[in-house]
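Asker: What follows is a predicted structure for the sequence shown.
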Amino acid sequence: EPEVTQTPSHQVTQMGQEVILRCVPISNHLYFYWYRQILGQKVEFLVSFYNNEISEKSEIFDDQFSVERPDGSNFTLKIRSTKLEDSAMYFCASQGMVRAGNTIYFGEGSWLTVV
Amino acid sequence: AQTVTQSQPEMSVQEAETVTLSCTYDTSESDYYLFWYKQPPSRQMILVIRQEAYKQQNATENRFSVNFQKAAKSFSLKISDSQLGDAAMYFCAYRSFYGGSQGNLIFGKGTKLSVKP
């Protein structure tokens, strides 16, 4: 079964450093997403991406964050100048069709620890 | 804004028994989708079951079924004949049928299910 893959599975970074989380969505999918889950809290929507541009973003997704699909296969989330409160599990997800009921496939997540 | 509430942080069930996980939500919309996702220790989020709000019939997927009460805004998940592999975190999620946020799933905080042998 096709999978969304994410790297790294776990990253520890110093506060103030830049982090890039990488995702390879399912190959024929068109819609891509990032979600995050702070320990003990809800999974929260960050951003959706379609046709090489952001289609929707949440209040969490401020100027510190950016997304990119640099080569037609990878989908990256960049966090500039990380803060302690950025420590969370970050999930990448993809979807083939736009209809709301169609399945969103999630990756295994990248656990980011900011120290 | 829509919200999803899972009031049971942890649940436990004996192998082969049945367990029900609760979920309530709040919305002013009439058309929407509801989902249960499973997150095992491997951490991957796996779709368990999906319910369209316009369908009165409760969704069923093998041992998993839902009790969807639209008026009460309740969406519980029943797992029958529980297996050790069912042990995981279970998330209830809501998604609007319409709107610009095509991928904006709204999640509850999750229920951690333990299965005792």
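Answerer: Sure thing, it's come through.

Asker: Direction included, what does the helix or strand harbouring B:Ile49 pair up with?
Answerer: Using DSSP states H and E, B:Ile49 sits within strand B:46-52. Strand B:46-52 has its sheet partners listed here by DSSP bridges as strand B:32-39 (antiparallel).

Asker: chain center to the partner strand: distance?
Answerer: With CA atoms, centre = their mean, to the nearest Å as the basis, strand B:32-39 stands 5 Å off its chain's centre.

Asker: Report the mean confidence score over it.
Answerer: Averaging pLDDT along strand B:32-39 yields 93.

Asker: what's in contact with that strand?
Answerer: A:100-101, A:106, B:2, B:21, B:23, B:25, B:45-53, B:64, B:66, B:68, B:75, B:77, B:86, B:88-97, B:105, B:107, B:110 (CB atoms under 8 Å, 6 or more residues apart in numbering or on different chains). Using the backbone N, CA and C atoms, a C-beta is placed for each residue, glycine as well.

Asker: So which of these sit within strands?
Answerer: Mapping those onto strands (DSSP state E) picks out A:106, B:21, B:25, B:46-52, B:64, B:66, B:68, B:75, B:77, B:88-96, B:107.

Asker: Just the buried ones from those?
Answerer: A:106, B:21, B:25, B:48-52, B:64, B:66, B:68, B:75, B:77, B:88-96, B:107 (16 or more other CB atoms under 10 Å in any protein chain shown).

Asker: tell me, what residue is most central in the chain?
Answerer: Went with chain A since none was named. A:Trp34 (3.0 Å; CA atoms, centre = their mean).

Asker: Can you look at chain B instead?
Answerer: B:Trp36 (3.0 Å).

Asker: Bridged to that one, which residues?
Answerer: Under the criterion DSSP bridges, B:Trp36 forms beta bridges with B:Ile49, B:Cys92.

Asker: Point out the residues in chain A that sit beside chain B.
Answerer: By the rule CB under 8 Å from any CB of the partner chain, the part of chain A lying against chain B is A:3, A:31, A:33, A:35, A:40-45, A:48, A:50, A:55-56, A:58, A:89, A:91, A:93, A:95, A:98, A:100-101, A:103-109.

Asker: A:Pro70: how many residues sit nearby?
Answerer: Using other CB atoms under 10 Å in any protein chain shown, A:Pro70 has 9 neighbouring residues.

Asker: coming back round to it: other residues contacting the strand holding B:Ile49?
Answerer: A:101, A:103-106, B:33-40, B:58-61, B:64-66, B:68, B:75, B:77, B:90.

Asker: And for stretch A:59-77?
Answerer: Around stretch A:59-77, the neighbours that count as contacts under CB under 8 Å, 6+ apart are A:20-25, A:27, A:32, A:34, A:36, A:44, A:46-47, A:49, A:52, A:54, A:78-81, A:83, A:86, A:90, A:92, A:94.
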